[in-house]
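*Asks:* based on what follows, work out the 3D shape:
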Amino acid sequence: MAEASFRSRSNTFLVELDRDQRVRELDFREFRREAARCAVALRQRGLRPGDRLALLLANGPEWLIAAYTALQLGAVLVPLDARLEPPGQAALLAHSGAQHLVSDGPVWRRLAPLLESPLQAALVVRPLGTLEAPAVDWEEALPAELTPEEANLEPSGTRTRQDLAAIVYSSGTSGRPKGCLLSHENYLSQLEALANAFPLAEDDVYLSILPTNHAIDFMCGFLVPLLCGARVVHLRTLRPEWIVDALKSERVTHLSAVPALLSAIERKLRERLSGLDRVPAAGFRGLRRLNELLTEGRPRPWLSRALLQPIHDSLGGRLRTIFAGGAPVPQETVRYLYGLGIPVAIGYGQTEAGTVITVNRLDPFRAETVGAPLEGVEVKIHEPDLEGRGEVWVRGPNVFQGYLEDPDLSAEVLTPEGWLKTGDLGVFDSTGHLRLVGRAKHMVVTPGGKNVYPEEIEAKLEGVAAEELAALPSHAIWPSAPGEDEGLLFVVRPQSGVDRAALLSELVRRNRRLPAYLRLAGALVRDQAFPRTTSLKLKRHELAAELSDLDRDQLERL
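*Replies:* Residues are numbered from 1 along each chain as shown. Okay, the predicted model is just below:
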């Protein structure tokens, strides 16, 4: 698959951006040559088929070069989060059993003193200061010249689709490490299904802003473009203004985003439109409404660009699809973006399921669901209640082999029949689209026997003037005595400049509209940012722990 791309294509494959500056650019042939140089360096330092190679790198060409080389040499890839704290990185590195490492210089400097088990070799990209064995400068390790045999990078060893390809740790892993064992079959089945569902052309451009160690960007920001011959642009910042600039300067067609980034893009667009005079603003609203009516059944990019050209020009004029997932996606945000002719394909996945379980194909656009199962993937609702809601179970070639050296935990989530118990609760609608309602471990049972999910309440409270919001059970913050009433609380971080009293008044109004069993008992206003993983998922338990020092008198009754 990859060899065909390299032999037949010489177009640009990778671009590295630092804000608005192009740092590096590689075409397909140059990428292959860099991979061949990397292969020589790794082989000279003892990397053999079956060895484990860990990556602790920020998004950029070196990440993809090292990953591609490892897979070509038959090694097992161990992608780790370069933004985790060093003790966490050291613990996961030890747990994975990796003998080799490719790391950024600043990461290596903090990590090296913490390593308990010596590595066989470490290639350090842009090192800080002098390196000591087993570490060596990436540029010094890679040979300047290649022999014809070395330049012809051929796969090493004999592998099957069932062989182990990677050990992937989920974002924010803490406590008991959970290294997901993913096979070549897991990746190849997902690659085929996603490339068929959302094919890329050679002139398409994918903007990589999520960490590549996470499954979605590894698949959509590396493997799919590699297969299709498309371009990947790495951006070294998550600031919305630079993302918008990159969309325009690189004429991006696709990107993946978590909900927090989608909301930031929405705010930037609303700020731009809020500056319009009254008459142009009214005209724009009319064109937006016309676009919504004409694209109700499916996206029509050419039509949306014609009707709303200034908006599309400000985003490069080619943005075709944003893939969104990783956490509940705000419906108001995706409806707003779709109304502007920017389709958001909402998906649902887990590391244990390869990458993607379901995805919305946009025919028609559905903001309230996470789409239908991907081709080749079985999804069922286990033991549904009277409303059809129950735990989502998944089976197919995408489901992982289990957790590294943890058969008990593997047995908890994998049935003998091959079903993966996701821990997520959902329901299928009449069209076969899955709607998620929350995590089983977050569910709260009211005194009246109703099951309540914080994520469901958060979705109903979208649109308040909050930078962040979360619903938490009161007992998660302040442990209650037996027999005490439980209640759900709303934690909110106001947007900059928003009046606190006005925000609380809005919460009261919105809260009264909810069904009685969903109503929140009170609100806690917080100025600090919520704790999140490096992929911006909310850490509910950490948020509750941070709030536990507050006095109950600080609770605003709703």
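*Asks:* residue boundaries of the helices in the stretch 201-350 of the chain?
*Replies:* Ranges of helices within the stretch 201-350 of the chain are 215-218, 224-228, 240-249, 259-274, 278-294, 301-307, 309-314, 331-339, based on DSSP state H, counting those that start in this stretch.
*Asks:* pLDDT averaged over the last one - what is it?
*Replies:* Summarised as a single mean, pLDDT over helix 331-339 is 91.
*Asks:* can you give the domain ranges for this structure?
*Replies:* According to automatic domain parsing, the chain is divided into the following domains: 2-236, 241-439, 443-557.
*Asks:* how far off centre is the shortest one?
*Replies:* Chain-centre distance of domain 443-557: 24 Å, with Cα atoms, centre = their mean, to the nearest Å.
*Asks:* circling back: can you list the domains of the chain in CSV and add mean neighbour count?
*Replies:* In this view, the C-beta of every residue, glycine as well, is placed from N, C-alpha and C. Output for these, formatted as CSV (neighbours: other Cβ atoms under 10 Å):
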stretch, mean neighbour count
domain 2-236, 19
domain 241-439, 18
domain 443-557, 15
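*Asks:* follow-up on the earlier one: what's the closest of the helices of the stretch 201-350 of the chain to P155?
*Replies:* Using Cβ to Cβ as the measure, helix 224-228 is the one of the helices of the stretch 201-350 of the chain that comes nearest P155, at 14.8 Å.
*Asks:* flag the shaky bits of the chain, pLDDT-wise.
*Replies:* 1-8, 171-175, 443, 445-450, 480-486, 535, 557-558 (pLDDT under 70).
*Asks:* could the helices of the stretch 201-350 of the chain go into a markdown table alongside distance to R48?
*Replies:* Output for the helices of the stretch 201-350 of the chain, formatted as a markdown table (distance: least, Cβ to Cβ, whole Å):
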| stretch | distance to R48 |
| --- | --- |
| helix 215-218 | 23 |
| helix 224-228 | 24 |
| helix 240-249 | 39 |
| helix 259-274 | 40 |
| helix 278-294 | 56 |
| helix 301-307 | 48 |
| helix 309-314 | 51 |
| helix 331-339 | 47 |
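*Asks:* report the separation between D406 and K178.
*Replies:* Distance, D406 to K178, using Cβ to Cβ, to the nearest Å: 7 Å.
*Asks:* part of a helix, is F490?
*Replies:* No: when DSSP: H, G, I helix; E, B strand; the rest coil is applied, F490 is found to be strand, with no helix at that position.
*Asks:* tell me the secondary structure for L425?
*Replies:* Secondary structure, three-state DSSP: L425 is strand.
*Asks:* would you agree it is in contact with G438?
*Replies:* Yes: the criterion here is Cβ atoms under 8 Å, and L425 meets it with G438 at 5.4 Å.
*Asks:* so what sits against both of those two?
*Replies:* Common neighbours of L425 and G438 (criterion: Cβ atoms under 8 Å, 6 or more residues apart in numbering): Y453.
*Asks:* for the helices of the stretch 201-350 of the chain, which one sits closest to P199?
*Replies:* helix 224-228 (6.3 Å).
*Asks:* quick one: distance of the closest one to the chain centre.
*Replies:* The answer for helix 224-228 is 18 Å, by Cα atoms, centre = their mean.
*Asks:* ends of stretch 156-167, what's the gap?
*Replies:* End-to-end distance for stretch 156-167: 19 Å, by Cα to Cα, to the nearest Å.
*Asks:* cool, and stretch 62-82?
*Replies:* Start-to-end span of stretch 62-82 (Cα to Cα) is 13 Å.
*Asks:* one more: stretch 228-237?
*Replies:* 26 Å.
*Asks:* over to stretch 116-128?
*Replies:* For stretch 116-128, the first-to-last residue distance is 21 Å (Cα to Cα).
*Asks:* strands of the stretch 301-450 of the chain, residue ranges please.
*Replies:* Listed in chain order, the strands of the stretch 301-450 of the chain (DSSP state E, counting those that start in this stretch) span 321-324, 344-348, 358-359, 372-373, 378-382, 390-395, 420-428, 434-439, 444-445.
*Asks:* pretty sure A324 sits against S256.
*Replies:* Yes: applying Cβ under 8 Å as the test, A324 and S256 come out as touching, 7.3 Å apart.
*Asks:* L269 contacts G339, correct?
*Replies:* No: using Cβ under 8 Å, L269 makes no contact with G339, being 10.6 Å away.
*Asks:* how close does R270 get to G105?
*Replies:* Taken as Cβ to Cβ, the span from R270 to G105 is 39 Å.
*Asks:* what does Q99 give?
*Replies:* Using Cβ to Cβ, one obtains 21 Å as the distance from Q99 to G105.
*Asks:* what helices or strands is the helix or strand harbouring A54 leaning on?
*Replies:* In the assignment (DSSP states H and E), A54 maps to strand 52-56. When contacts are defined as 3 or more Cβ pairs under 8 Å, 6 or more residues apart in numbering; DSSP states H and E, strand 52-56 packs onto helix 61-72, strand 76-79, helix 86-96, strand 100-104, helix 105-111.
*Asks:* tell me the contacts of P473?
*Replies:* By Cβ under 8 Å, 6+ apart, the contact list for P473 reads 444, 454, 486-489.
*Asks:* let's go with 6 Å and repeat that
*Replies:* Contacts for P473 were tallied using Cβ atoms under 6 Å, 6 or more residues apart in numbering; they are 444, 488.
*Asks:* and P177, by the same measure?
*Replies:* Going by Cβ under 6 Å, 6+ apart, P177 touches 92, 95.
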